[in-house]
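> quick one: sequence plus predicted model below, questions after.
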Amino acid sequence: MIFVLKASLFRITNNAISVGAAEDALIEKRELIIEIENEFKSLIDLHLKTPIAQDVFNKKLSEVNDRLIVYKNELKKMEDSFIKGHEAKERLDFIKKILKENKDGIKVITNNLIKAFIQKIISVISDEIVFCMMSNRAYTDKTFSENIDKFLSHPPITEGTFDDPIYPIKITFKVIIP
């Protein structure tokens with residue numbers, strides 16, 4: 001099963017975001033915020049040294065403050081996105097490392113392997129499950145549950161049956177990348 005997944009995992013890994021470009025954009029946005037904060041301070045200093053009409057000062061102060069709020073909100077969104085992208089890149093790097101270390105196949109599935117590869121497990125019926133592998137898309141629990149039917153219609157990367165040698169348990173499974 002793991003050999004079939006290898007090509008898809010490398011494809012996903014190669015499509016992961018560029019952390020360097022994201023870091024550069026964050027730095028630029030932070031520098032812009034510092035400039036606006038300095039403009040804000042200069043405006044206050046100017047008003048204290050050479051008072052201007054209060055309504056003119058308030059209008060200019062409000063304009064600068066509004067820009068500052070907008071840029072800080074944009075920075076927060078960028079940082080949140082960067083963190084998600086960075087976590088995804090780390091996870092995909094970990095998957096790459098696992099695949100390189102296990103060129104002859106994975107013999108033992110550990111908790112770390114499951115955490116690295118599997119995002120969600122869907123219990124379709126009592127004897128059928130679908131493993132949803134990690135991808136470069138992030139889904140909230142709500143979004144994921146709203147799209148379960150769509151995900152279940154994805155063509156599986158692999159499918160099979162687990163037949164327990166000790167207990168009378170037989171479960172069919174599919175592996176998809178949502």
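Everything's here; your move. Treat the numbers as computed from the prediction; the structure is a model and nothing was measured.

> remind me which residues of the protein are low pLDDT?
Within the chain, the segments meeting pLDDT under 70 span 1-22, 82-89, 105-106, 109, 134-138.

> try it again at 90.
1-31, 33-34, 36-38, 40-57, 61, 64, 68, 72-178 (pLDDT under 90).

> packing partners for the longest helix seen in it?
Criterion DSSP state H: the longest helix present in the chain is helix 54-101. Here helix 54-101 touches helix 2-14, helix 19-49, helix 111-117, going by 3 or more CB pairs under 8 Å, 6 or more residues apart in numbering; DSSP states H and E. All C-beta spots, glycine's among them, are computed from the backbone N, C-alpha and C.

> centre of the chain to that helix, how far?
For helix 54-101, the separation from the chain centroid amounts to 13 Å (computed by CA atoms, centre = their mean, to the nearest Å).

> tell me the angle of it relative to helix 19-49?
Comparing the axes of helix 54-101 and helix 19-49 via axes from the mean of the first three to the mean of the last three CA atoms, to 10 degrees yields an angle of 160 degrees.

> compute the first-to-last residue distance for stretch 94-110.
Stretch 94-110 has an end-to-end distance of 14 Å (CA to CA, to the nearest Å).

> can you mark which positions in it are buried?
Going by neighbour count (16 or more other CB atoms under 10 Å), the buried part of stretch 94-110 is 94, 95, 96, 98, 99, 106.

> closest to residue 152 out of the residues you listed?
Nearest to residue 152, judged by CB to CB, of those is residue 95 at 23.3 Å.

> my guess is the closest one contacts residue 115, does it?
No: taking contacts as CB atoms under 8 Å, residue 95 lies outside contact range of residue 115: 10.5 Å.

> point me to the residue sitting farthest from the middle of this structure.
Largest separation from the mean C-alpha position in the chain: residue 50, at 50.0 Å (CA atoms, centre = their mean).

> how much space separates that residue from residue 62?
Residue 50 is 19 Å from residue 62, where distance means CB to CB, to the nearest Å.

> likewise residue 166?
From residue 166 to residue 62 the distance is 73 Å (CB to CB).

> compare neighbour counts for those two and give me the winner.
residue 62 (10 against 5; other CB atoms under 10 Å).

> and for the closest residue in space to residue 154 that isn't next to it in sequence, the neighbour number?
Closest residue in space to residue 154, ignoring its immediate chain neighbours: residue 176 at 4.3 Å, by CB to CB, 6 or more residues apart in numbering. A count of neighbours around residue 176, defined by other CB under 10 Å, yields 20.
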